[in-house]
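Undergrad: From the sequence below, what's the structure:
(chains A, B and C)
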Amino acid sequence: MAVPQTDGLTLLDITKSFGPLEALREFSLFVRRGEVVALLGPNGAGKTTLLRVAAGLLAPAGGRVLVDGIDLVQQPRLAKRKVGWAAETPQLYEHLSPTENLEFFGRLWGMGTREARAAAVHALEAAGLSHRAADSVSVLSHGMRQRLSIARALLHGPSVLLLDEPFQGLDARARASIVERLRDPKERGACAVLMATQQVDAAISACDRAAIVDRGRLVNVLNAPEVDAAALSAELRALGGGDRAP
Amino acid sequence: MEAAPSAAHPPLDFVRRNALPFLSSSAALTVATFILALLWAPTLSQGFSAPVAQRVFYLHFGPAITSYAAFTVAFAYSLLYLRKGDGDADLIAAHSAALGLLFAAMTIAAGALWGAAEWGVAWRFEDARLDMYLVLLLTFIGYFALRRQLGSGAPRLAALYAVAGYALVPLSYFSIYLWQSLHPRVISPGGQGVGAGGALVLSVSIAASLFLFFGLLGLRLAVSEVEARVARLQREADV
Amino acid sequence: MPRSAVLQVARKDLLLESRAAEQLTLFAMLVALVLVVFRVAAEGRPVPVATALWVSLLLSASVALSRSFHAEADHGTLDLLLASPAAPAALFLGKAFAGAAFTFGAALFALVLCAAFFGADFVRDPVALVAFLGLGALGLSVQGAFFSALSARTRTRASLFPVLMIPFALPLFLWATRGTVASSLGAPLLGPAVLADLGLVAAYDALFLVLYTFLAPRALSA
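TA: Numbers count the residues shown, from 1 in each chain, chains lettered A, B, ... in the order given. As a prediction, the model looks like this:
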């Protein structure tokens, strides 16, 4: 990949170490707008580290991250406006309601007060949480919080959506609901989705391509329709050999 | 061969290579300071209730200035670390901060002797300069508490703390002007001065302390170099 | 954008505190406990009320203000704030200003308790007293927000925070106590004794507000 693309997410030769541990080694991947790419790999492969680099939380030791052609290190504020990120654990203020959470983060991402309010209403409707809009987040189930977390990441209409283990701790129905949202272009807008997960079945259902990661390197990229989920699961189990990375 | 931490910093490399000469010179200058201060320096009688004990000033001022110098080195190398991520700069900052604490302790010990003679008590908490110096001491003790508690994140956070803490150094030094202070003024404006003889003794005292600082810093850098070599050999042996 | 982010963060913290009352509860309990200790230890002897007031504020702030960024780290929202387009300096300032409001609230509570335990004679000049409490609260909060940010990602952050913060808060404590004592003895607000100390507190606040605004982004980065 010699030429950076000007839409979607471009990861060019990303290198990141934590002391002597090489978490990412010259990792390159392009995710265009409207596409869903799943990052699959064993524990410690570097999936979460890659997402944190793409979200601007970790500075890469080498390489570049481009969001719609904007360099994340050179112009962080401009690039971050275009990124939505949901971590493995839902990042929400427990004592605020879903509406208050969404309005706060909407305003933090540069939306005006009215715009954030309207976006929050729409987002809660899309996530099926309108009936819990005024409740405290602390009383919501894990599945609801996960849906709310994804809604929060999509609120400002990002160009790039980063999801870390979106299916973690969810039952089959909740997983299916998220897969449906990811597959529906109207729901997630025209954004480039990069998703790290260990749930191979759900990933293959939701994504267009699957990027296999092992020991910080991109091992393979597969087209999802051609993938045998069972065979892929077996292959992933054979990789790695123990937990690595922070 | 593993490069010494000071290799990329020529002035400090000079200090490391000449640690023993600095230490021996310091020993000689310290003996000279004691002799000159106790037997030769003029007695300053104005404004002191214990003019003979006032001679402790010559043993007190050198370490005080050196402690400020050491904290300044720690500040400068902490800034360098924050700008360039140079691990050696962090090491130098830590060594300097530790020596700053040593010289601060020496300053307080000499000051306590003087205070006991002059005021009847070793310390007066109502004095601004003493309080600010104590705050500075506590700050750099906090620096090491931070380093001890942290693992790999220690250098960056410790460097930030040292940079923030350095803002207290001018506060400490200029405290006699910011407040009414009981601390004696000798060479500060408003003080009686020490004359030519006293200035000579003061110079010898400052030189003794600074040479001791350079010598100890050089020793610590040399030890760090050996530790780095041992670590590299251990890593190679493990492989 | 930076000013907006400062306001958004401060407003969010105030809203959260109105629901959870995490910092205010800590403040109130610790202020009360410290003042009770002073009252009990006095055994009927006169107590330096201004000293008791500021000791209670310093010690309670050295615990309560740690929650500024530690709570964000606990709830996983710290990374989300840093992933936002908001400048880290804006996050720090928003936290500092919100914390100043909580600390000032605690200060007023401490004032009421001091009056209840020791009598209200020390309140000779309410304007001077409120000025010291206001500027002192801001100063404590600025220190608290910075060291909370600095220690947020450490394992032993709760125990480390007071060790880091208290030395930096001591000069404020000294000047505020001295100024409050002078005021309680009848020195006028615009007189040299009180005004000098008020000026020192204000200058210290300004110095570290500016310094920490530059240092906070590095303190918050992972």
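Undergrad: Around chain B, which positions in chain C sit nearby?
TA: Selection of chain C residues close to chain B by Cβ under 8 Å from any Cβ of the partner chain yields C:146, C:150-151, C:153-156, C:160, C:163-164, C:166-168, C:170-171, C:174, C:200, C:207-208, C:211-212, C:215, C:218-219. Just so you know, the C-beta spots here come from the backbone N, C-alpha and C atoms, and that holds for glycine as well.
Undergrad: Around chain C, pick out the residues from chain A.
TA: A:52, A:55-59, A:76-78, A:80-81, A:83, A:85, A:87, A:89-96, A:100, A:104-105, A:107-110, A:136.
Undergrad: Give me the buried subset of these.
TA: A:52, A:55-58, A:76-77, A:80-81, A:83, A:85, A:87, A:89-96, A:100, A:104-105, A:107-110 (16 or more other Cβ atoms under 10 Å in any protein chain shown).
Undergrad: quick one on the thing from earlier: please flag which of the residues of chain C next to chain B sit within strands.
TA: With DSSP state E as the criterion, strands contain none of the residues of chain C next to chain B.
Undergrad: Got a quick ChimeraX command for the buried subset of those residues?
TA: Buried members of the residues of chain C next to chain B, defined by 16+ other Cβ under 10 Å, are picked up in ChimeraX with:
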select /C:146,150,151,153,154,160,163,164,166,167,168,170,171,174,200,208,211,212,215,218,219
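Undergrad: Doesn't B:Pro42 belong to a helix?
TA: No: counting by DSSP: H, G, I helix; E, B strand; the rest coil, one finds B:Pro42 to be coil, located in no helix.
Undergrad: Report the central residue of chain B.
TA: Geometric centre of chain B, nearest residue: B:Ser67, 2.0 Å, by Cα atoms, centre = their mean.
Undergrad: helices and strands around the host helix or strand of it, which ones?
TA: Assigned by DSSP states H and E, B:Ser67 belongs to helix B:57-84. Secondary-structure packing of helix B:57-84 (3 or more Cβ pairs under 8 Å, 6 or more residues apart in numbering or on different chains; DSSP states H and E): helix B:19-35, helix B:87-118, helix B:128-149, helix B:154-166, helix B:168-173, helix B:195-238.
Undergrad: So C:Leu189 belongs to a strand, correct?
TA: No: read with three-state DSSP, C:Leu189 is coil and lies in no strand.
Undergrad: Let me know the distance separating it from chain A.
TA: 40 Å (Cβ to the nearest Cβ, to the nearest Å).
Undergrad: could you check whether the helix or strand hosting C:Phe117 is close to chain A?
TA: Secondary-structure element containing C:Phe117, defined by DSSP H and E: helix C:88-118. No: if you take Cβ under 8 Å from any Cβ as the test, helix C:88-118 misses chain A, and the best it gets is 9.3 Å.
Undergrad: mind checking how far that helix is from the chain centre?
TA: On the basis of Cα atoms, centre = their mean, to the nearest Å, helix C:88-118 sits 5 Å off its chain's mean C-alpha point.
Undergrad: buried sites along that helix?
TA: Within helix C:88-118, judged by 16+ other Cβ under 10 Å, the buried ones are C:88-107, C:109-111, C:113-114, C:117-118.
Undergrad: so where's chain A uncertain?
TA: A:1-5, A:187-189, A:240-246 (pLDDT under 70).
Undergrad: Pull up the residues of it that are close to chain B.
TA: A:18-19.
Undergrad: Please enumerate the helices of chain A.
TA: For chain A, the helices defined by DSSP state H cover A:47-54, A:76-80, A:98-108, A:113-126, A:142-154, A:172-183, A:185-188, A:200-206, A:229-238.
Undergrad: Output the fourth one as CSV, nothing but the C-alphas.
TA: Meaning helix A:113-126. Provided in CSV are the C-alpha atoms of helix A:113-126 (Å, rounded to 0.1, in the frame of the first residue of the first chain):
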residue,chain,number,x,y,z
THR,A,113,-26.6,22.0,22.0
ARG,A,114,-29.7,21.6,19.8
GLU,A,115,-27.9,19.5,17.3
ALA,A,116,-26.6,17.2,20.1
ARG,A,117,-30.1,16.9,21.6
ALA,A,118,-31.7,16.0,18.3
ALA,A,119,-28.9,13.5,17.5
ALA,A,120,-29.4,11.9,20.9
VAL,A,121,-33.1,11.4,20.4
HIS,A,122,-32.5,9.9,17.0
ALA,A,123,-29.6,7.7,18.2
LEU,A,124,-31.6,6.3,21.1
GLU,A,125,-34.5,5.5,18.7
ALA,A,126,-32.1,3.7,16.4
